[in-house]
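*Asks:* Here is the input, now give the coordinates:
(one chain, ligands or ions: 1)
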Amino acid sequence: MPERAIGVFDSGVGGLTVLKELRRQVPGENLIYLGDTARVPYGTKSATTVLRYAHEAARFLLEQKVKLLVVACNTASAVALDGLSESYQIPVVGVIEPGARRAIEVSANGRIGVVGTEGTIRSGAYERALRRERADVIVHTAACPLFVPLAEEGWAGHEVTRLATREYLAPLLAEGIDTLVLGCTHYPLLKPMLQEVVGPQVRLVDSAQETAKAVAAQLSTHRLQGQAQPASSPRYFVTDIPDRFERVGGAFLGEPLQGVTTVSLD
Ligand code: DGL
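*Replies:* From the prediction side, this is the model:
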């Protein structure tokens with residue numbers, strides 16, 4: 001088992017922020033990434049549809065004989081994590097619990113903001129995860145549907161992004177939050193802008209970093225640590241033509257992205 005790869009999936013390029021952290025934090029692991037680019041975005045779709053997509057993605061990765069599954073998408077984690085964990089025999093790690101745990105650790109006043117896609121916010125998954133950690137936490141959430149296209153457009157420092165960020169975050173800041181959870185895999189790209197708008201007194205929690213830590217812990221608990229030295233390059237699969245994934249994904253990964261294979265999940 002330990003020499004098998006870790007399977008990571010997302011609706012598209014966003015999960016590459018998690019993959020990047022995995023490469024940094026668990027460098028001895030082989031990684032297989034699946035971006036469901038034919039059906040992105042998940043964030044605007046119903047829970048029933050996202051649940052079906054998540055199971056199809058998981059089954060594809062299981063066919064690749066992965067030893068652990070990372071649901072590197074907040075929307076899919078919000079609606080499908082429990083079902084995936086119950087359905088398959090390998091450990092399944094989502095992005096919501098790790099981010100929520102960290103937010104509780106760093107918040108001094110117990111007032112926590114969460115930003116994410118419409119699907120993630122509507123699901124209430126972050127409120128539940130935060131309350132499990134601390135019953136009296138006060139949670140303020142905001143769906144920020146423009147952030148995904150802005151991040152993919154490479155507009156992290158653009159004036160349009162600044163205006164959108166101010167608009168989305170003003171109600172949360174008015175509630176006195178001291179911590180903001182980036183509840184979408186695209187948002188780490190917007191971190192400098194988000195920090196600028198919320199100011200230095202608000203801590204940002206990046207679920208990509210926290211998820212990679214949770215994966216390292218699961219590998220250790222289940223004695224699944226890989227010893228690849230150095231690990232081979234990740235294998236990339238997408239469900240649509242690879243061009244856009246390679247171009248936009250390179251920016252998410254911080255290095256050129258090549259060798260992407262198109263597959264069908266049907
Ligand atoms: N990866 C998704 C998430 O983290 C954002 C993109 C989408 O809507 O599919 O929620």
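
*Asks:* So K45 sits against T120, correct?
*Replies:* No. Because the distance of 11.5 Å does not satisfy C-beta atoms under 8 Å, K45 is recorded as not touching T120. Heads up, the C-betas are built off the backbone N, CA and C, glycines and all.

*Asks:* Touching both of these two, which residues are there?
*Replies:* Common neighbours of K45 and T120, counting by C-beta atoms under 8 Å, 6 or more residues apart in numbering, are T75.

*Asks:* May I ask which helix or strand of the protein has the lowest mean pLDDT?
*Replies:* Across the helices and strands of the chain, the lowest-confidence element by mean pLDDT, DSSP states H and E is helix 243-253, at a mean of 91.

*Asks:* What lies in contact with that helix?
*Replies:* Applying C-beta under 8 Å, 6+ apart, the external contacts of helix 243-253 come out as 12-14, 16-17, 19-20, 35, 37, 152, 154, 189, 236, 238, 256-258, 260.

*Asks:* tell me the contacts of whichever residue of the stretch 1-150 of the chain sits closest to the ligand?
*Replies:* The ligand sits closest to G43 of the stretch 1-150 of the chain, with a gap of 2.7 Å, by C-beta to the nearest ligand atom. Under the criterion of C-beta under 8 Å, 6+ apart, the contact list for G43 reads S11, T75, G116, T117, E118, G119, T120, P145, V148, C184.

*Asks:* Now list the buried members of those residues.
*Replies:* Buried residues within those, defined by neighbour count using 16 or more other C-beta atoms under 10 Å: S11, T75, G116, T117, G119, T120, P145, V148, C184.

*Asks:* My guess is A57 contacts D36. True?
*Replies:* Yes. Taking contact to mean C-beta under 8 Å, the distance of 5.7 Å between A57 and D36 places them in contact.
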